[in-house]
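*Asks:* Okay, predicted coordinates and the sequence, questions at the end:
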Amino acid sequence: MKKRIISILNKTVQRAAQEGALKSPPEGGFVVEVPSSSDHGHFATNLCLTLAKSQKQPPMKIASVLLPILKECPLFERVEAAPPGFINFFVKRDEWMPIVTQILEEGASYGKSDFGEGKSVLVEFVSANPTGPLHLGHGRGAALGDTLCRILELAGFNVGREFYINDAGRQIRLLGESVFARWQQIENPDYPFPAGGYHGEYIAELARMISAETDLASLSDEEAIEVCASLGKDIMLDDIKRSLNMFRVDFDVWYSETSLHESGRFAKSLSSGAIAEKIYEKDGALWIATSEHGDDKDRVIRKQDGSYTYFASDISYHRDKWERGFSRAIDIWGADHHGYIPRVQAALETMGVPKGWLSVMLIQLVKLWQAGAEVKMSKRAGTYVTLQELMDEVGVDAARFVFLTKHNDSPLDVDVDLIKKQESDNPVFYVQYAHARASSILRKAQEESVFNGIEDEKLLKNYLKLEEEIALIRMMGDFPSLVEEMAKSLEPHRLTYYLQDLAAMFHRYFNLGTKNPELRVITEDASVSRARLFLVKAIRTVVANGLSLLAITAPEQM
RNA sequence: GCGCCUGUAGCUCAGCUGGAUAGAGCAGCGGACUUCUAAUCCGCAGGCCCCGUGUUCGAAUCACGGCAGGCGCGCCA
């Protein structure tokens, strides 16, 4: 509907220009929006305000030129100009009804668009080191990334989901040393634990598992550490995969850092192409000239001792992403890595990758509250709540929902007690209940044979007369543009707000019937009932589609 | 010291990317169940949108300067 009005406005301006009423006008610049007050119509535009300067005329005067043309349009009941220069549109009631039939026709694909034009996007998220279980921060990243992918797909992008496994380098070695030390400590409690090692209880668990499978005592310490590192990593990776799977997140590619090195891509990516010219040697190390592209300073990629930095792998990995031909890439990182954005962007530009090809989304920290106090978490000390524990306590649906109730750039407080204890107050149940309630009404109608299931626009036009009904239809009509906007702005959290609003509107509508039987969906009047049942079916569809983007179940009854 | 993020109701946060009278949930108080599902609804109360200056028809939103909190500023990963 909004798009229709935009195109009507464009045509109107063109026509006014042709007729000489306006100087040939510049494109765009104006917006059409839903005003907060219903006095200002279903839609409003600031078109005249934006034209005022270039036309050198007061906005209200421009409005008075455009108004007669707009009034001819059969879409509108009323068009008004309002100071300081808004135009308010009141859409004819009947014109809303096609939205309902459209929803019913399209069903699960309502909301789909070709906004993305089939372009390929690579979304990399979670990418946790396989040195420990996933924590709440990873859960937030997983929920955000996965829902973003679903949104992008619905908006017409071709999406690849990727998990980068940091399975090379020192942290895996440290995992091995930590596990080995715990194994030693079974016999010898005084065996020293490595500095900066991993302290979680799971390390001792790994030691038990690995020593049960492998006779560590028959190996040299060095060999045993390697076994602990390798098997420990495999076990943790399996654990991560299992948790993510339960969290309804599936990746297309698990990209191993080790494979980057073993395949030779790593070496090649730093020695060929435009980037090779930006790499130089200084003080016995290899540097890359990222400062030419906005980084604070040049960065080391190979240290004096001959080993490569983490950043070198990152360059190589992102180059590989680019060479795989994606038209854009999105990374989701913890906010503590924000300092790396400029250098990664700079490295990409050094290779000739266009600015803006890579978008990095940061997620702020998740704070956990329990018994009214913040639970301090430390990965190194091993005191943190895992994603698995959260899922076990509150369920996947609630967990996924809470992770998307805040903008990714805003810190998130999760009060586990609250989600657990007050299940009924949880917003996810509120939305699911709307779906269950709609289902229940439809079930009842089916049983009583009120509903023949044949849609008829005329029926809707004749019998959907309530303001509340029109408001619901308008809101559902926004869903496709919401999906597009979320894909554009990378803001999946808006979906949880939309669903809560839609559910609230439906619950309110339903409750009209508790006071006045004529306002129930199923009433004495068969035609009114049928029209309302179509509306309810449409609501159920939109709620279900929204929940499906969140990968949250849509129950038939609760 | 420099950079990024955040600052909106008692608490946790939205605010459609510059629009008209700033919203929701929770917490508080008061109401509605012989119902198409009360996991719901209705009402009341609650505001210096951190402060200041600027940009313009118009600012919670943009710019600059402060203040406060968080996170980063390695030849660590």
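*Replies:* Cool, the structure landed.

*Asks:* Around RNA strand B, pick out the residues from the stretch 301-450 of chain A.
*Replies:* Counting by Cβ under 7 Å from any atom of the strand, the stretch 301-450 of chain A comes close to RNA strand B at A:303-305, A:307, A:309-311, A:335-340, A:362, A:364-365, A:405-407, A:409-413, A:422-425, A:427, A:429-430, A:433, A:436-437, A:439-441, A:444. No exception for glycine: its C-beta is placed from N, CA and C like everyone else's.

*Asks:* Buried subset of these, written for ChimeraX?
*Replies:* In ChimeraX syntax, the buried subset of those is picked out as below (16 or more other Cβ atoms under 10 Å):
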select /A:309,311,340,362,364,406,412,427,429,430,433,436,437,439,441
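
*Asks:* quick check: domain ranges of chain A?
*Replies:* Per automatic domain parsing, the domain ranges recorded for chain A read A:2-91, A:125-260+A:364-421, A:425-549.

*Asks:* circling back to that earlier point, sort out for me which of the residues of the stretch 301-450 of chain A next to RNA strand B are in helices.
*Replies:* Per DSSP state H, helices hold the following members of those: A:310, A:311, A:427, A:429, A:430, A:433, A:436, A:437, A:439, A:440, A:441, A:444.

*Asks:* surely residue A:434 meets residue A:542?
*Replies:* No: counting by Cβ atoms under 8 Å, residue A:434 does not reach residue A:542; the two are 10.0 Å apart.

*Asks:* Between the two, which contacts overlap?
*Replies:* Between them, residue A:434 and residue A:542 share these contacting residues under Cβ atoms under 8 Å, 6 or more residues apart in numbering: residue A:502.

*Asks:* residues in contact with residue A:99?
*Replies:* Residue A:99 is in contact with A:1, A:473, A:474, A:476, A:477, A:538, counting by Cβ under 8 Å, 6+ apart.

*Asks:* ok and the residue in the stretch 1-150 of chain A nearest RNA strand B?
*Replies:* Nearest to RNA strand B, among the residues of the stretch 1-150 of chain A, is residue A:44, at 2.9 Å (Cβ to the nearest atom of the strand).

*Asks:* State the distance from the residue sitting furthest away from the middle of chain A to RNA strand B.
*Replies:* The outermost residue of chain A relative to its centre, with distances by Cα atoms, centre = their mean, is residue A:218 at 49.9 Å. From residue A:218 across to RNA strand B, the span is 30 Å (Cβ to the nearest atom of the strand, to the nearest Å).

*Asks:* Name all residues that make contact with residue A:261.
*Replies:* Residue A:261 neighbours (Cβ under 8 Å, 6+ apart): A:168, A:267.

*Asks:* Helix, strand, or coil at it?
*Replies:* Put simply, residue A:261 is helix when judged by DSSP: H, G, I helix; E, B strand; the rest coil.

*Asks:* For the stretch 251-400 of chain A, just list every one of the helices.
*Replies:* Per DSSP state H, counting those that start in this stretch, the stretch 251-400 of chain A carries helices over the ranges A:257-262, A:265-271, A:310-323, A:341-350, A:387-394, A:396-403.

*Asks:* Turn those helices into JSON lines, including mean pLDDT.
*Replies:* Converted to JSON lines, the helices of the stretch 251-400 of chain A look like this (pLDDT from 0 to 100):
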{"stretch": "helix A:257-262", "mean pLDDT": "93"}
{"stretch": "helix A:265-271", "mean pLDDT": "91"}
{"stretch": "helix A:310-323", "mean pLDDT": "95"}
{"stretch": "helix A:341-350", "mean pLDDT": "94"}
{"stretch": "helix A:387-394", "mean pLDDT": "90"}
{"stretch": "helix A:396-403", "mean pLDDT": "92"}
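
*Asks:* Can you say which of the ones you listed is packed in most?
*Replies:* Mean neighbour count, computed with mean count of other Cβ atoms under 10 Å, is highest for helix A:396-403 among these, reaching a mean of 24.

*Asks:* what separates whichever strand or helix holds residue A:510 from the chain centre, distance-wise?
*Replies:* According to DSSP states H and E, residue A:510 maps onto helix A:494-515. Put simply, helix A:494-515 sits 23 Å off its chain's centre (Cα atoms, centre = their mean, to the nearest Å).

*Asks:* Repeat that for stretch A:524-541.
*Replies:* Its chain's C-alpha centre and that of stretch A:524-541 lie 32 Å apart, by Cα atoms, centre = their mean.

*Asks:* Can you report the mean pLDDT over the residues of it?
*Replies:* Averaging pLDDT along stretch A:524-541 yields 92.

*Asks:* just stretch A:434-448 next, same as before
*Replies:* Per-residue scores along stretch A:434-448 average to 92.

*Asks:* In CSV, could you pull the C-alpha coordinates for it?
*Replies:* This file holds the C-alpha atoms of stretch A:434-448, laid out as CSV (Å, rounded to 0.1, in the frame of the first residue of the first chain):
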residue,chain,number,x,y,z
ALA,A,434,-2.3,-15.3,19.6
HIS,A,435,-1.6,-18.1,17.1
ALA,A,436,-3.2,-20.8,19.4
ARG,A,437,-6.2,-18.6,19.9
ALA,A,438,-6.7,-18.0,16.2
SER,A,439,-6.3,-21.7,15.6
SER,A,440,-8.8,-22.5,18.3
ILE,A,441,-11.4,-20.2,16.7
LEU,A,442,-10.9,-21.7,13.3
ARG,A,443,-11.1,-25.1,14.8
LYS,A,444,-14.4,-24.3,16.4
ALA,A,445,-15.8,-22.8,13.2
GLN,A,446,-14.8,-25.9,11.4
GLU,A,447,-16.6,-28.1,13.9
GLU,A,448,-19.7,-26.0,13.6
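
*Asks:* which other residues reach stretch A:120-130?
*Replies:* Stretch A:120-130 is touched from outside by A:134, A:138, A:141-142, A:144-146, A:148-149, A:152, A:157-167, A:171-172, A:233-234, A:236-237, A:240, A:244, A:249, A:321, A:324-332, with contacts defined as Cβ under 8 Å, 6+ apart.

*Asks:* so where's the stretch 101-250 of chain A uncertain?
*Replies:* Scanning the stretch 101-250 of chain A for pLDDT under 70 picks out no residues.
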